[in-house]
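*Asks:* coords below, sequence missing:
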């Protein structure tokens, strides 16, 4: 079966492509660097020709409010139109847990627009909403740092390893479209500030994390429901302490 992964050369796309190829599928890793651009449309029809499934894990190169909205709107419309023309049977998209609760964030608003386009199309779909990846912790710390002080919300969240995201995506990609949302979270909750504190300790980074209930995450203030999944999410298997141990090796 031919499966096209939009954003197929990135962190998740690369892992997903490997898993699907191991199961014997023909996988096209589509991205601008492989000649497929969902913004301009370059190479899109050719890549989707004969595809049964399309998985969209592409991300905006800019998180500025207007730029990220334009990216997900333009990419989403172009991709879904090309899928309809190619008679794609299943559209799978990676989104974010809490996307419908953080309207203060331009990034989350843009992802919600992407989800709305998918739901409004006539293509069967599955949206996998995942919590924040372990791999994002360094970026979270750096974006919240002011010199040697890192200010982060003490709100709860339940981060997940990118390997678990790829595994869950592989499952839903090869499964029956749910025409709805599946949530994925890590095996255990943390407060955002403690998550960063453990990372800095493990990497011997001297910066100090300060809990601040008003600290913003992608432009939004958080509470304990902002980034946590609903009832009965899928859970990843990799624990944060084991992921951190891998960094030390």
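*Replies:* Alright, I've got the coordinates. Since this is a predicted model, take the numbers as computed values, not measurements. Numbering: from 1, shown residues only.

*Asks:* residues in contact with the nearest residue to residue 107 once chain neighbours are set aside?
*Replies:* Residue nearest to residue 107 in three dimensions, not counting chain neighbours: residue 218, with 4.9 Å by Cβ to Cβ, 6 or more residues apart in numbering. In this view, the C-beta of every residue, glycine as well, is placed from N, C-alpha and C. Applying Cβ atoms under 8 Å, 6 or more residues apart in numbering, we find residue 218 in contact with 63, 102, 105-108.

*Asks:* Which pair in those has the greatest spatial separation?
*Replies:* 63 and 102 (13.3 Å; Cβ to Cβ).

*Asks:* who's more crowded, the two?
*Replies:* The neighbour comparison of residue 63 against residue 102 (other Cβ atoms under 10 Å) goes to residue 102, with 22 against 16.

*Asks:* Quick check, pLDDT for the more buried one.
*Replies:* pLDDT for residue 102: 91.

*Asks:* That one against residue 111, yeah?
*Replies:* No - in this structure residue 102 lies outside contact range of residue 111 using Cβ atoms under 8 Å: 9.6 Å.

*Asks:* pLDDT weak spots in this structure?
*Replies:* 249 (pLDDT under 70).

*Asks:* For the protein, just list every one of the helices.
*Replies:* 11-22, 44-48, 65-85, 106-120, 137-143, 162-174, 192-202, 240-248 (DSSP state H).

*Asks:* Now render those helices as JSON lines, adding mean neighbour count and distance to residue 211.
*Replies:* Putting the helices of the chain into JSON lines (neighbours: other Cβ atoms under 10 Å; distance: least, Cβ to Cβ, whole Å) gives the following:
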{"stretch": "helix 11-22", "mean neighbour count": "19", "distance to residue 211": "28"}
{"stretch": "helix 44-48", "mean neighbour count": "20", "distance to residue 211": "45"}
{"stretch": "helix 65-85", "mean neighbour count": "18", "distance to residue 211": "27"}
{"stretch": "helix 106-120", "mean neighbour count": "19", "distance to residue 211": "22"}
{"stretch": "helix 137-143", "mean neighbour count": "16", "distance to residue 211": "14"}
{"stretch": "helix 162-174", "mean neighbour count": "21", "distance to residue 211": "26"}
{"stretch": "helix 192-202", "mean neighbour count": "19", "distance to residue 211": "4"}
{"stretch": "helix 240-248", "mean neighbour count": "13", "distance to residue 211": "18"}
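
*Asks:* Looking at those, which is nearest to residue 232?
*Replies:* helix 162-174 (14.0 Å).

*Asks:* contacting residues around the closest one?
*Replies:* So helix 162-174 is contacted by 3, 11-12, 15-16, 19-20, 23, 53, 55, 57, 90, 92, 94, 126, 128, 130, 133-135, 178, 182, 184, 186, 234, 236-238 (Cβ under 8 Å, 6+ apart).
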